[in-house]
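1. Have a look at this prediction, sequence included:
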Amino acid sequence: MRKGDFLKRYSKNIEIISLNDEMIKNIPTYWVEALSKQTAEARKKRIIEEWEKYPYQFQSTTNYLSGNLIDIELVKENDNYALLYSINNLAKKEVYYIGYNPIIKVVPDYFDKLPLSFRDIYNKLHNGWVFFASKSNGLSPIESTIILGDEDWGILDDIDITHFPFKLDNSIGLFHNGMGDYAAIDTESENKTIGFIWKHDDVPSVNVGIWEIIDEWTKIGIER
């Protein structure tokens with residue numbers, strides 16, 4: 001199956017496009033620089049250079065991309081520009097991830113309460129970077145993040161969350177694993193490097209390094 005046909009199975013309004021002068025002011029400079037390269041190797045090199053600026057957030061993911069990224073392409077989906085990443089998984093099967101445009105986004109009221117480490121990614125690298133087919137298994141686009149307290153959770157009938165070190169009304173789900181679970185932080189926590197895993201059907205896992213879990217889950221998702 002051609003790549004374009006595969007993409008349209010999951011998003012009818014997506015197309016692979018070429019860079020032109022009109023787009024340049026609306027996308028990051030590093031996208032322009034990468035997309036202007038004449039070879040896949042040169043494009044990959046420029047992209048990896050950008051990811052390497054964020055070792056605190058994405059060390060494992062960047063290391064995997066360094067050895068397994070095939071190429072990047074510019075796509076347009078519902079009038080929004082994004083980068084499509086073609087990557088080899090561990091079985092050497094080509095999989096697709098999509099990185100959204102950090103310049104044009106709609107931020108929620110709680111955006112400024114997120115740690116700078118998150119705002120840097122959302123503002124400079126990508127407004128979310130996820131497995132294309134499921135739009136999960138990566139840092140969610142800021143528009144797709146959720147306040148956990150706004151959702152209905154059946155698990156609340158079975159557990160008492162009052163003794164946990166977070167409040168759902170202050171907690172933002174930043175990574176969705178595609179199966180109902182989230183890596184999250186409480187925006188009112190004193191230590192926002194520590195988060196928790198909210199599980200839709202089990203007791204949450206607490207006191208986890210938020211970026212460590214997001215980075216590792218992202219890498220594992222690509223490998224599969």
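-> Perfect, I can see it now. Numbers count the residues shown, from 1 in each chain.
2. State the distance from the nearest residue to residue 123 once chain neighbours are set aside to residue 67.
-> Leaving aside its sequence neighbours, residue 123 sits nearest to residue 102 (C-beta to C-beta, 6 or more residues apart in numbering; 5.4 Å). Bear in mind the C-beta positions are built from the backbone N, C-alpha and C, glycine included. Distance of residue 102 to residue 67, computed by C-beta to C-beta, to the nearest Å: 25 Å.
3. The two: which is more packed in?
-> Just comparing residue 102 and residue 67: by other C-beta atoms under 10 Å the higher neighbour count belongs to residue 102, 19 against 9.
4. Which residues are in contact with the more buried one?
-> 28, 121-127 (C-beta atoms under 8 Å, 6 or more residues apart in numbering).
5. Quick one, which of the residues you listed are buried?
-> Neighbour-count burial (16 or more other C-beta atoms under 10 Å) is assigned, among the contacts of residue 102, to 28, 121-123, 125-127.
6. Need the residues you listed in a markdown table (columns: distance to residue 82 and secondary structure).
-> Compiled in a markdown table, these are given as follows (distance: C-beta to C-beta, whole Å; DSSP: H, G, I helix; E, B strand; the rest coil):
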| residue | distance to residue 82 | secondary structure |
| --- | --- | --- |
| 28 | 11 | coil |
| 121 | 15 | helix |
| 122 | 14 | helix |
| 123 | 16 | helix |
| 125 | 13 | helix |
| 126 | 8 | coil |
| 127 | 9 | coil |
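7. would JSON lines of those with pLDDT and distance to residue 188 be doable?
-> Below are the buried ones among the contacts of residue 102 laid out as JSON lines (pLDDT from 0 to 100; distance: C-beta to C-beta, whole Å):
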{"residue": "28", "pLDDT": "97", "distance to residue 188": "31"}
{"residue": "121", "pLDDT": "98", "distance to residue 188": "21"}
{"residue": "122", "pLDDT": "98", "distance to residue 188": "20"}
{"residue": "123", "pLDDT": "98", "distance to residue 188": "22"}
{"residue": "125", "pLDDT": "98", "distance to residue 188": "26"}
{"residue": "126", "pLDDT": "98", "distance to residue 188": "26"}
{"residue": "127", "pLDDT": "98", "distance to residue 188": "24"}
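8. And the residues you listed, which is closest to residue 147?
-> Checking those against residue 147 with C-beta to C-beta, the nearest one is residue 122 at 16.5 Å.
9. Phi and psi next, for the residue nearest to the closest one when sequence neighbours are not counted.
-> Of all residues not flanking residue 122 in the chain, residue 142 sits nearest, at 5.3 Å (C-beta to C-beta, 6+ apart). When read as degrees, to the nearest 10, the backbone of residue 142 gives phi -60, psi -30.
10. what number of residues lie near residue 142?
-> 24.
11. Verify the assumption that the residue nearest to residue 123 is located in a helix.
-> No. Assignment of residue 102 by DSSP: H, G, I helix; E, B strand; the rest coil gives coil, placing it outside any helix.
12. now it: how far from residue 30?
-> Note on residue 102: its distance to residue 30, by C-beta to C-beta, is 10 Å.
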